[in-house]
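Peer 1: got a predicted model here, sequence first, then my questions.
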Amino acid sequence: MSRWSLLFSQVDALDLSGRRALSSAEDFEAWSDSAERALVEELHRIADLRSAELARHTDVRVLVSRPVPGPDLTLRGAHIGVLELALGTTRVYVYTARERGQSPAVHLALRRESASTRHPVLASLPGCLLVRGDTGAAELLPLPRPLGDHAEEPRPTPDDLVFRAFELLVAAHRGARPEPLPGRPPSGHRPNAEPLA
């Protein structure tokens, strides 16, 4: 190899032009878009199935739809209203939010009529982060992840997300706060926290 060829290969290895980084970023964006769409389709499929099962067992039907986001539910980089579950006037939305270069996050939003004001209550709850696993397949990581917590816990599935959405919908419809999922502390729970004096 000539000295010029060696120099060219060293400069290319530095990726000063950003060609490889750009290609990698474009690949990640394409993967994120594809994984996000596939997850949304899977969530709809499961929600439709579970709604039909619920109707067979209880004669109560949860309405499943794909609302078009309005200006009040559209954020920069977010896709709100990907999945809407309705029971009476109570709604739960499962939505994705992602900024360029970041993994998609899947969250739940609860909307119900307020008993004390004229305005509906809207609360967003953390769900999961959609990441590319070692094999390239999409995996869900639960949110929030406690700082310093490196313990392995079972990875949530799309069925777990739909179950949580149905659970929130039923609890909000009856006016009660849902119990935490087995094995998960309640939201805001800080283990080993000092009591306030």
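Peer 2: Good, I have the coordinates.

Peer 1: if you count neighbours, what's buried in stretch 88-101?
Peer 2: Of the residues in stretch 88-101, those scored as buried under the neighbour-count criterion (16 or more other Cβ atoms under 10 Å) are 90-98. In this view, the C-beta of every residue, glycine as well, is placed from N, C-alpha and C.

Peer 1: closest to Leu125 among those residues?
Peer 2: Ranked by distance to Leu125 (Cβ to Cβ), the buried residues of stretch 88-101 are led by Val92 at 9.4 Å.

Peer 1: check the gap between the closest one and Arg3 for me.
Peer 2: Between Val92 and Arg3 the computed distance is 66 Å (Cβ to Cβ, to the nearest Å).

Peer 1: before we move on, what about Ile46?
Peer 2: 61 Å.

Peer 1: give me the more crowded residue out of the two.
Peer 2: In this view Ile46 and Arg3 are compared by other Cβ atoms under 10 Å, and Ile46 has more residues nearby, 21 against 7.

Peer 1: just checking, that one touches Thr157?
Peer 2: No. Using Cβ atoms under 8 Å, Ile46 makes no contact with Thr157, being 9.0 Å away.

Peer 1: in this structure, which strand is the longest?
Peer 2: Assignment by DSSP state E gives strand 121-132 as the longest strand of the chain.

Peer 1: what is the rounded mean pLDDT of that strand?
Peer 2: pLDDT averaged over strand 121-132 equals 85, rounded to a whole number.

Peer 1: can you check stretch 62-69 too?
Peer 2: Stretch 62-69 shows a mean pLDDT of 80 in the predicted model.

Peer 1: outside of stretch 133-141, which residues touch it?
Peer 2: 31, 35, 38-39, 106, 128-132, 155-158, 160-161 (Cβ atoms under 8 Å, 6 or more residues apart in numbering).

Peer 1: ends of that stretch, what's the gap?
Peer 2: Using Cα to Cα, to the nearest Å, the gap from the first to the last residue of stretch 133-141 comes to 10 Å.

Peer 1: any stretches of the chain with poor pLDDT?
Peer 2: The model of the chain has pLDDT under 70 over residues 15-22, 68-81, 114-118, 145-153, 176-197.

Peer 1: how about the spatially most central residue of it, nearest residue that isn't a chain neighbour?
Peer 2: The central residue of the chain, meaning the one whose C-alpha is nearest the mean C-alpha position (Cα atoms, centre = their mean), is Val106 at 1.0 Å. Once flanking residues are discounted, Val106 sits nearest to Gly127: 4.4 Å by Cβ to Cβ, 6 or more residues apart in numbering.

Peer 1: quick one: that neighbour and Leu108 touch, right?
Peer 2: Yes. With contact taken as Cβ under 8 Å, Gly127 and Leu108 are classed as touching, separated by 5.4 Å.

Peer 1: intersection of neighbour lists for these two?
Peer 2: Counting by Cβ under 8 Å, 6+ apart, the common neighbours of Gly127 and Leu108 are 94, 161, 164.

Peer 1: returning to that earlier point: from the contacts of stretch 133-141, which two are the most distant?
Peer 2: Pairwise distances across these peak at 22.2 Å for Trp31 and Asp160 (criterion: Cβ to Cβ).
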